[in-house]
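Peer 1: Sharing a model prediction with you, sequence too.
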Amino acid sequence: MFSSQGTLSALTDNGPLAELISMGGPVMVVLIAIAFIGVATFLYLMLFGAFYTPRFTKPLQQLVAHWQQAPSDTRVEATRADAGRLGRANPLMHLLVNTMSACQSGTNIAAVRETAVRDAQNSLEPFEAPLKIIEVIAALAPLLGLLGTVMGMMEAFSAMAATEGRANASQLSGGIYEALATTAAGLVVAIPFAALAAWIEFRLRRIHKTINSALVSVFNVMPADGNVTTADATQPELKKAEAPVEESNHSPTNFDNNPRFAHAAG
């Protein structure tokens with residue numbers, strides 16, 4: 001306990017954090033804080049995604065292939081029963097199994113589609129908030145750096161005004177150094193988080209396409225006793241299933257009311 005407190009004290013009083021704060025002033029404190037928040041958010045996103053990202057695994061590929069050959073005879077629930085702990089954490093497995101089971105039971109196809117759209121949206125919602133946090137940090141860091149630049153230049157001109165224009169280089173260097181330090185720190189924080197945000201958006205696009213492909217493969221083939229039995233009959237409805245993650249929170253079939261997530265997920 002004493003050792004950890006001594007290490008923390010060394011970092012904040014005489015260590016690199018104290019040096020950074022002395023270089024950039026109060027703006028540097030804010031930049032350091034949001035950098036820690038961004039790193040923690042990214043680590044959480046990676047850990048969460050390792051277990052709960054929708055994945056089109058080999059058992060699900062086999063399930064969809066069997067469904068396309070004989071939808072009425074497909075043992076849908078057996079896939080969920082045979083799945084291990086990691087398999088049960090896969091949202092796409094539950095989405096496909098629930099959709100196929102509803103189709104086999106003769107549930108109204110329109111209701112099945114709306115439920116699939118809602119469940120697909122819910123499977124990607126946990127990734128939306130961390131992505132937004134990282135995007136905000138990437139946009140906010142340069143502005144904070146600019147604020148530090150303005151404050152540093154104000155300090156330099158204040159020193160010049162106090163000496164009635166006779167300030168020497170040492171009196172001006174403190175404010176100018178603070179201005180340049182905060183500008184550099186803002187860019188150092190913003191650049192990697194902007195890259196991370198772009199990479200996460202790319203990953204969400206891939207997941208979005210995976211979910212769409214799986215749902216279209218299911219809805220193209222219906223059981224013989226279902227409400228719709230041919231791919232041609234289901235085709236007009238597929239426009240709703242092609243973009244399950246773009247629906248708004250208020251309407252399960254309105255995909256254009258959430259443009260930010262539509263852009264992030266494709």
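Peer 2: Received it, and whenever you're ready, just let me know what you need.
Peer 1: Residue 40 sits in which helix or strand?
Peer 2: helix 26-52 (DSSP states H and E).
Peer 1: Could you point out the helix or strand that follows that helix?
Peer 2: Past helix 26-52, the next helix or strand by DSSP H and E is helix 58-69.
Peer 1: Centre of the chain to the helix or strand just after that next one, how far?
Peer 2: Remark: after helix 58-69, the chain's next helix or strand is helix 76-82, criterion DSSP H and E. Counting by Cα atoms, centre = their mean, to the nearest Å, helix 76-82 is centred 30 Å from the centre of its parent chain.
Peer 1: Next: stretch 35-45.
Peer 2: With Cα atoms, centre = their mean, you get 12 Å for stretch 35-45.
Peer 1: For that stretch, buried residues please.
Peer 2: Of all the residues in stretch 35-45, those buried under the rule 16 or more other Cβ atoms under 10 Å are 35, 38, 41, 42, 45. Every C-beta, even on glycine, is put in place using the N, C-alpha and C of the backbone.
Peer 1: which among the residues you listed gets closest to residue 65?
Peer 2: Nearest to residue 65 among those: residue 45, at 31.9 Å, using Cβ to Cβ.
Peer 1: Next, the contact list for that closest one, please.
Peer 2: Listed by Cβ atoms under 8 Å, 6 or more residues apart in numbering, the contact set of residue 45 reads 127, 130, 131, 134, 200.
Peer 1: Just give the nearest non-adjacent residue to the second one, would you?
Peer 2: When you say that, I think you mean residue 130. residue 45 (4.3 Å; Cβ to Cβ, 6 or more residues apart in numbering).
Peer 1: The residue nearest the centre of the chain: which element?
Peer 2: Nearest to the mean C-alpha position of the chain, by Cα atoms, centre = their mean, lies residue 131 at 3.2 Å. Assessed by DSSP H and E, residue 131 sits inside helix 109-162.
Peer 1: which other helices and strands contact that helix?
Peer 2: The contact analysis (3 or more Cβ pairs under 8 Å, 6 or more residues apart in numbering; DSSP states H and E) places helix 109-162 against helix 26-52, helix 91-104, helix 169-219, helix 238-241, helix 259-265.
Peer 1: Tell me if I'm right that residue 68 and residue 219 touch.
Peer 2: No - taking contacts as Cβ atoms under 8 Å, residue 68 lies outside contact range of residue 219: 11.0 Å.
Peer 1: Between the two, which is the more surrounded one?
Peer 2: More neighbours surround residue 219 than the other of residue 68 and residue 219, with 23 against 13 (other Cβ atoms under 10 Å).
Peer 1: Show the model's pLDDT score for the more buried one.
Peer 2: At residue 219, the model reports a pLDDT of 89.
Peer 1: Next: residue 87.
Peer 2: For residue 87, pLDDT reads 82.
Peer 1: same question, residue 164
Peer 2: Reading off the model, residue 164 has pLDDT 64.
Peer 1: now do the one 3 residues further on
Peer 2: We have a pLDDT of 60 for residue 167.
Peer 1: list the contacts for the residue lying closest to residue 30 once chain neighbours are set aside?
Peer 2: Once flanking residues are discounted, residue 30 sits nearest to residue 144: 5.8 Å by Cβ to Cβ, 6+ apart. Residues in contact with residue 144 (Cβ under 8 Å, 6+ apart) are 27, 30, 31, 34, 182, 186.
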